[in-house]
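>>> quick one, structure for this:
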Amino acid sequence: MAALWAVALGFGAWAAPGIAASGNPENVDPRDEAATDAIGAALRYLSNGSNEDPERANAALCEDASPEVTTSDLDDIRQTHADDLGGITRVDLDAGDAVPTTDGIGVGITVFYIYDGKQQFEDFVVTVQEDDGTFCVSDAVLAAVEEEPSSDDATGEAVDPQALATDFLRTIVVEREPATAADFQCGSYTGVTPQDLDTAITEWAVSNGETTAFLNGAEPAETSGTSITNIEVEVSLEGDLNNETFVFVVAVQGDCVASLAGGEGLI
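Below is the predicted model:
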């Protein structure tokens, strides 16, 4: 799911929709406006449920819906991340496209739990039903996390270059674990090192205040070699004093990262 979805990592932070022109701005809270599409319904459920507002989250559910991840579960997940981070000051959501499925309309969403410049995240898949322009949530599940095969049971399946590039940069930029990111590198790795990028983000934060870093999109880029796949990834930094986005190119070769380039203005 790492490369599929973005609204903070994203890719952009979700905000509650504005009051409809026909609404009463004095009496209608934007959070109570009916969803006008599948993504809006999915965001309404996860945003309210992740921000300790179960009543509004449940209002997004279809009648008789029994989601696998309930509002109580969302609150438990929030608390788990709050314990790990030391608290939560903001929750951002990152939504992918609405995709028709056999059960309704599927929407992949990443929820980011943020505190003091640090963040953790969970990936969800929300199923939405549509009836004559009305949208409601029928189910929500935590996205399955694929386990890395061990050396004993490796299947030899091809690695998705876009997913690998996203995981590599997410480990550095979002999780701030450059040593772990080094495990993604090929033996002949060249270019910007994970530690170089981590240091650059730290220095940027010193100049721009408390900073939240996230990925803002990933897509294939022009590739010259047949054994190399280049993936262009946007890295966004949001500080108290400034917001900037930097473009990196991750070169993937087989099942490892061969190089990292770009980041002009940051590196």
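
>>> thought Val91 was touching Phe112?
Yes - here Val91 reaches Phe112: they are 6.8 Å apart, a contact under C-beta atoms under 8 Å. C-beta here means a position set from N, CA and C on the backbone, and glycine is covered the same way.

>>> okay, these two: which has more neighbours?
Legend: neighbour count by other C-beta atoms under 10 Å for Val91 and Phe112, higher for Phe112 (24 against 21).

>>> for that one, give me the pLDDT.
Phe112 carries a pLDDT value of 90.

>>> start the count at 18, not 1, going forward
In the new count, where the first residue is 18, that last one comes out as Phe129.

>>> element containing it, please.
strand 121-132 (DSSP states H and E).

>>> how about Ile248?
Using DSSP H and E, Ile248 falls in strand 246-255.

>>> name the surrounding residues that touch that strand.
By C-beta atoms under 8 Å, 6 or more residues apart in numbering, the list of residues contacting strand 246-255 from outside reads 28, 178-179, 182-183, 186, 190, 218, 221-222, 225, 228-240, 260-270, 279-280, 283.

>>> out of these, which are buried?
Among these, those scoring as buried are 28, 178-179, 182-183, 186, 190, 218, 221-222, 225, 228-235, 238, 263-270, 279-280, 283 (criterion: 16 or more other C-beta atoms under 10 Å).

>>> so which of the residues you listed are in helices?
Pro178, Gln179, Ala182, Thr183, Leu186, Val190, Ile218, Trp221, Ala222, Asn225 (DSSP state H).

>>> just checking, the fourth one touches Phe231?
It stands for Thr183. No - counting by C-beta under 8 Å, Thr183 sits too far from Phe231 to count as a contact (11.4 Å).

>>> common neighbours of these two, please.
Counting by C-beta under 8 Å, 6+ apart, nothing touches both Thr183 and Phe231.

>>> just the closest of the ones in helices among the buried ones among the contacts of strand 246-255 to Ala157, please.
Nearest to Ala157 out of those is Thr183 (C-beta to C-beta; 22.9 Å).

>>> all strands for the protein, in order.
Taking DSSP state E as the test, the strands found in the chain are 107-118, 121-132, 135-148, 151-159, 202-208, 229-237, 246-255, 260-270, 273-279.

>>> the spatially closest residue to Ser83 that is not a sequence neighbour pairs with what?
Nearest non-adjacent residue to Ser83, counting by C-beta to C-beta, 6 or more residues apart in numbering: Asp156, 7.9 Å away. In this structure, Asp156 bridges to Thr144 when assessed by DSSP bridges.

>>> and Asp156, how many neighbours?
Neighbourhood size, Asp156 [other C-beta under 10 Å]: 20.

>>> what does Val116 give?
12.

>>> from Arg73, how far out is it?
As judged by C-beta to C-beta, to the nearest Å, Val116 and Arg73 stand 25 Å apart.

>>> ditto for Arg95
Computed with C-beta to C-beta, the distance linking Arg95 and Arg73 is 15 Å.

>>> equivalent analysis for Asn65, please.
Distance from Asn65 to Arg73, by C-beta to C-beta: 4 Å.

>>> grab the CA positions of the lowest-mean-pLDDT helix or strand in the chain and hand them over as PDB.
Least confident helix or strand, the chain: strand 229-237 with a mean of 87, by mean pLDDT, DSSP states H and E. What follows is strand 229-237, C-alpha atoms only, in PDB (Å, rounded to 0.1, in the frame of the first residue of the first chain):
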ATOM      1  CA  THR A 229       6.400  17.300   9.400                       C
ATOM      2  CA  ALA A 230       8.000  15.400   6.500                       C
ATOM      3  CA  PHE A 231       6.000  13.200   4.100                       C
ATOM      4  CA  LEU A 232       6.000  11.800   0.600                       C
ATOM      5  CA  ASN A 233       3.800  13.600  -1.900                       C
ATOM      6  CA  GLY A 234       3.700  11.200  -4.800                       C
ATOM      7  CA  ALA A 235       5.700   8.700  -6.800                       C
ATOM      8  CA  GLU A 236       5.700   7.900 -10.500                       C
ATOM      9  CA  PRO A 237       8.000   6.200 -13.100                       C
END
